[in-house]
Each structure stands twice: as C-alpha cells, then as structure tokens.
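Visitor: kindly generate the corresponding structure for this input.
(one chain, ligands or ions: 1)
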Amino acid sequence: MSFRIRDTDLLGRTGTLRVGSRSVETPAFLPVIHPVNQVVPGGELLSMGFGAAITNSYIAYRRYGHGISERGGIHGVTGYDGVLMTDSGGYQVLEYGDVDVDPLTIAEYQAEMGSDIAVVLDRPTGASASRERALETVEETLRAARETLRVVERTRGRMAWALPIQGGLHLDLVERSAREASALPYDVYSVGSPVELMNSYRFRELASLLLTAKRNLPPERPVHLFGAGHPLTMALAVALGADTFDSASYVLFARELRYMTRCGVRELRALSELPCSCPICSKYTLRELLELPRAQLVGLVARHNLYVLREELLEVRQAVAEGRLWEYLMHKTSCHPSLHPVRSLMVEASGDFSEFTRLYKRRAAFLFGPEDLHRPELESARARVRRVRPRGDSVLLVVAPSVRLQLPGIAGAEGDVYLVAPFLGPVPVGLVDAYPFSQSVSPDPESLDRRVLEGTADEVAAALSGWGISRVRMLVSPDRASRELSGMIASRLGGLGIAVSLEPSEHPDHV
Ligand SMILES: [Zn+2]
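Guide: Residues are numbered from 1 along each chain as shown. Predicted coordinates:
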C-alpha cells in the first residue's frame, strides 16, 4: 500500500491511497455494501465516483464460507471493482456481544476473499464502556493485532491491513492504544465507535477521541473513521484528520424516506419539491417518486443520498486543496444549532491545527467573527512575530482599519514600528506583505463584532508585555473602529504599567 499526501489543511489532507492495482483519492467516503443484498449494486457505486467501499467479511464468511473464491472473491460477489475494505466483525461484537470466529480465522478469510484493506478482528470499546471494560478492549484488540501479524506479513504488497484504536472516551487508554498500535507494522489505523457520538451530537467527545488518536499515531499513515456518513459532519471528520470514513447512512436513511441535503436531512414526505439536481431528482418529480413501489423508492432515495454525500465530499476536498477548510467548517455550523459547539471546539483545537496547517497559502483568508481570531494561520503568524523582540523598550503602534494602508508619520519614527488592525496583532512594518497579514479579507471594521477588537487588543497587550516594552506611542486613524481599538489597547497597556501616548494620524490613503 502507498499513501501519497498532496495538500494539507487543519488536520485534513488530500492524497492518493493505492493498494495493489487499485487506487482512490482521499479523503474518501466508503459506502457500506452488504455482501449479500445490495440496494445499490457495487458496479453502480463505482461508476457514481466512489473509488472505495466497505463490506463485512464476517457476514460474507457466514453466507459464502470458503466457496467465495469460486465466485470471484469479495469483488465478485459484490460486483464492486474499486478499493474494497472489509470490516472484520467488530461491529457485530459491539451489537451482539460476540462473534463465533477468532481473529486468525477471519484474517485468513479476508486474505482468501481478496480484500484490499482488511481489518483486525477488534473488540470495540463503544462510547459508554467503563474504564475496566475499555482497558480490556484495548488489550484484547492489541493481542488480536499481534496474532494477526502472521497473515499481515504473508500478504504484504497484495493487500493492506487496518488496526482499530480502542479506548472510547477514556483518553489515556486511547493514547496507550494508539502508541502501542503505532509500533506494529499496520498500514492503516481506524478509530471506531463514533456513531453513537455523531448521532447524539457529542462532537466535543468525538473531537477529543480523534485528536488524541491522531497525536499518537504516525502522521504519514492514513486514518479511517468508522461510521461517519452525515453530510453535516463530513467536513468535521476531515478537519480532525480522517482520511477515509464509511457509513450505511445513505440506505438506512432511505429506508425511513429521509432525504439528505448538503445542509441537513429532511423527511421526503414533508418536502414541497426536490431541492436537488442529481440524476434522480432531475428525472422524477416528488409526486412521481412517492407513487413508486416502496422498494424502488428506497433505491432511488439511496442513490440521491449518495449523490449528496459525494458532492459534499468533493466540496470538502476542494476546501482542503484551497486551504479554506476552516471557513468551510464555520459555514457548515450555521446549518443546524446542534453544530454550534463545533465553533468553540475549533478554537480549542487551534493548537493542534496550527502544527499541520500550511504557513503560506495561495488564497486570502476570509475573516468574519471572533472565532476567526484563532484561525491557525493567524495563530502561527502571531507566534512568529512574538518570537522577534524589538530592539529598544519603546515602540510605535499605528492603528488603522487595515494593514494595507499608506500611513503618514511612520518615516523617521524612533524605535520599531508595528501596524495594528482588527484581527491582526502587532505586525512589524517589514512583514506587512507577508501571508496572512495583507492576504486576508475582513468585513468593514464599522460592522465588526466588538469581540474582534477586544481579542485584537488582548493580543497586542500580550505581545508588548512579553517583550518588556515600557513606552508606547500610538498613531490612530480617525475611523471609529481604530479609535475604539486604540482605546482598548491603551487601557490594557495602562493596566500593565506601560506608558502610552495617543496621537491622531492624518487620514490614511488606501494603496
Ligand atoms: Zn437528488
């Protein structure tokens, strides 16, 4: 298996995952294919653009046994010729308590059926497990992983192997599970049990689980997230570092006549028309759909749902490539109130994001509100500025609505000169043209949320006190936002015992 990473943004990345002669672009959504009864045939999934899918080796084992190779293996019985991942039966363990196969048997069977990415038979922790139970699942899964290594080594090059990380919401156990798993020669790591968390909108817990796993796994290896197939949360899964994820949601929702849109899931019967232009919704009116026999209707809604998931995935991939995943995720949070906590969650995870977000981007950063003060690009740029201390103990701050202004009064200034504008802390005058200081677009300062000015003033005060500055001269543009911002800075600096003098600047000229 090879995994080539192309672009990165937040913890998300785009790339190509290649197994043997098959490959798939990532992030990839893997629709669940039932090994026996398919609502949407495997061949159709591939032609719809799903280059990878997932099926269940345990169900195939029970249904086909060792006769599967005569039927063309798992690709033959599902009719799917893309990258096919096979879950091991761990999900059945979670649902029914146990399965009647051992790790080695199911591993050998996954090799026999021609799986592209096989999964170790794990003991999923689940979201509600006690610490004792969680520890058991970590140890049992690692034991199964070591036992399975025999098959992994024998099939290397021909297929890839995924090892699930356990521990659930016990983060120290997730850390241990990830660290020990990293030392084993597996190609892919998977994080399980987020279905319960996603379904009950427990995004914070999901984020802690994924971030803990990511911090302790080798960054060059792909991470699979089990059970993430909602159009609202796909961007979040990618931002938190999932390279591939799977779900049967397209068909489970279709059975309940739930119709996906990019901004949420709707009851088909409650719609007044079909708000979509996929091949299904272009061909049928809502009335025509509802008059079809049930099985046909479910099949068509499942296909529509797949088109929506595919469109969302492509939008997320494009956002990673353009370095605007932060903006896209913020935009998604306005789809549903339950997603609102994702905004503060992103602010908290900004440190994790900064490490992996590119320092320079081709496209300007769009800044809207107070959360955007914590965009990883801004955090990294500010951290770089803070590391370079001014020569003296006095500085000139030029407060203006934008750093892209030609300001009179700077020439001949004593000491170092810094520009200050909403969202941007002190920007050394020589760095004004560097990303993202002048490559950012924000609303007219007059219409800004006051918290943006407060946050900017906090940043200026923290930087200046960190440098041990004792005197500050401030040149303030005549606009209302600059006057308000300089007042906030002056009061903070005064509180720190720094001497401040304020002077109005002449009206600046836009460059
Ligand atoms: Zn449609």
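Visitor: so where's the longest helix in this structure?
Guide: helix 294-322 (DSSP state H).
Visitor: so how far is that helix off the chain centroid?
Guide: With CA atoms, centre = their mean, to the nearest Å as the basis, helix 294-322 stands 18 Å off its chain's centre.
Visitor: list the buried residues of it.
Guide: By neighbour count on 16 or more other CB atoms under 10 Å, the buried set for helix 294-322 is 297-313, 316-317, 319-321. C-beta here means a position set from N, CA and C on the backbone, and glycine is covered the same way.
Visitor: repeat that for stretch 179-197.
Guide: Within stretch 179-197, the residues scored as buried using 16+ other CB under 10 Å are 180-181, 184, 186-197.
Visitor: then that stretch to CSV, C-alphas only?
Guide: Coordinates of each C-alpha in stretch 179-197 appear next as CSV, following Å, rounded to 0.1, in the frame of the first residue of the first chain:
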residue,chain,number,x,y,z
ARG,A,179,1.1,4.3,20.9
GLU,A,180,1.2,0.6,21.0
ALA,A,181,-0.6,0.3,17.7
SER,A,182,2.0,2.6,16.1
ALA,A,183,4.8,0.2,16.9
LEU,A,184,3.1,-2.6,14.9
PRO,A,185,3.5,-2.7,11.2
TYR,A,186,-0.1,-1.9,10.1
ASP,A,187,-0.8,0.2,7.1
VAL,A,188,-4.0,2.0,8.2
TYR,A,189,-5.3,2.9,11.7
SER,A,190,-9.0,3.1,12.3
VAL,A,191,-11.0,4.8,15.0
GLY,A,192,-14.2,3.2,16.0
SER,A,193,-17.5,3.8,17.8
PRO,A,194,-18.1,7.4,16.7
VAL,A,195,-21.6,6.5,15.5
GLU,A,196,-23.1,6.9,19.0
LEU,A,197,-21.3,10.2,19.4
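Visitor: where does the protein dip in pLDDT?
Guide: Applying pLDDT under 70 to the chain flags the ranges 93-94, 96, 193-194, 405-414, 507-511.
Visitor: closest to the centroid, which residue in it?
Guide: Nearest to the mean C-alpha position of the chain, counting by CA atoms, centre = their mean, stands Ala239 at 1.6 Å.
Visitor: tell me, how many neighbours does the nearest residue to that one once chain neighbours are set aside end up with?
Guide: Among residues not flanking Ala239 along the chain, Leu10 sits closest, at 4.4 Å (CB to CB, 6 or more residues apart in numbering). When counting by other CB atoms under 10 Å, one arrives at 29 neighbours for Leu10.
Visitor: for the one 5 residues further on, same thing?
Guide: Neighbour count for Gly15, taken as other CB under 10 Å: 20.
Visitor: what's the angle from the host helix or strand of Arg6 to helix 294-322?
Guide: Here Arg6 sits within strand 2-9, counting by DSSP states H and E. Orientation check (axes from the mean of the first three to the mean of the last three CA atoms, to 10 degrees): strand 2-9 against helix 294-322 gives 70 degrees.
Visitor: how far does strand 2-9 sit from the chain's center?
Guide: Here strand 2-9 is found 14 Å from its chain centre; the criterion is CA atoms, centre = their mean.
Visitor: can you name the next helix or strand after it?
Guide: Defined by DSSP H and E, the subsequent element after strand 2-9 is strand 12-19.
Visitor: the longest helix of the chain vs strand 12-19, what angle?
Guide: Orientation check (the same axes, to 10 degrees): helix 294-322 against strand 12-19 gives 110 degrees.
Visitor: list the contacts of the one residue in the stretch 51-200 of the chain that gets nearest to the ion.
Guide: Using CB to the ion, the closest approach of the stretch 51-200 of the chain to the ion is made by Ala53 at 20.2 Å. By CB atoms under 8 Å, 6 or more residues apart in numbering, the residues touching Ala53 are 30-33, 42, 45-46, 78, 80, 82-85, 246.
Visitor: can you redo the residues you listed as a markdown table with secondary structure, distance to the ion and neighbour count?
Guide: Supplementary listing: the contacts of Ala53 in a markdown table, determined by DSSP: H, G, I helix; E, B strand; the rest coil; distance: CB to the ion, whole Å; neighbours: other CB atoms under 10 Å:
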| residue | secondary structure | distance to the ion | neighbour count |
| --- | --- | --- | --- |
| Leu30 | strand | 21 | 26 |
| Pro31 | strand | 16 | 28 |
| Val32 | strand | 20 | 21 |
| Ile33 | coil | 21 | 27 |
| Gly42 | helix | 21 | 25 |
| Leu45 | helix | 16 | 24 |
| Leu46 | helix | 19 | 17 |
| Thr78 | helix | 24 | 24 |
| Tyr80 | coil | 22 | 24 |
| Gly82 | coil | 22 | 23 |
| Val83 | strand | 25 | 26 |
| Leu84 | strand | 26 | 26 |
| Met85 | strand | 26 | 28 |
| Asp246 | strand | 21 | 24 |
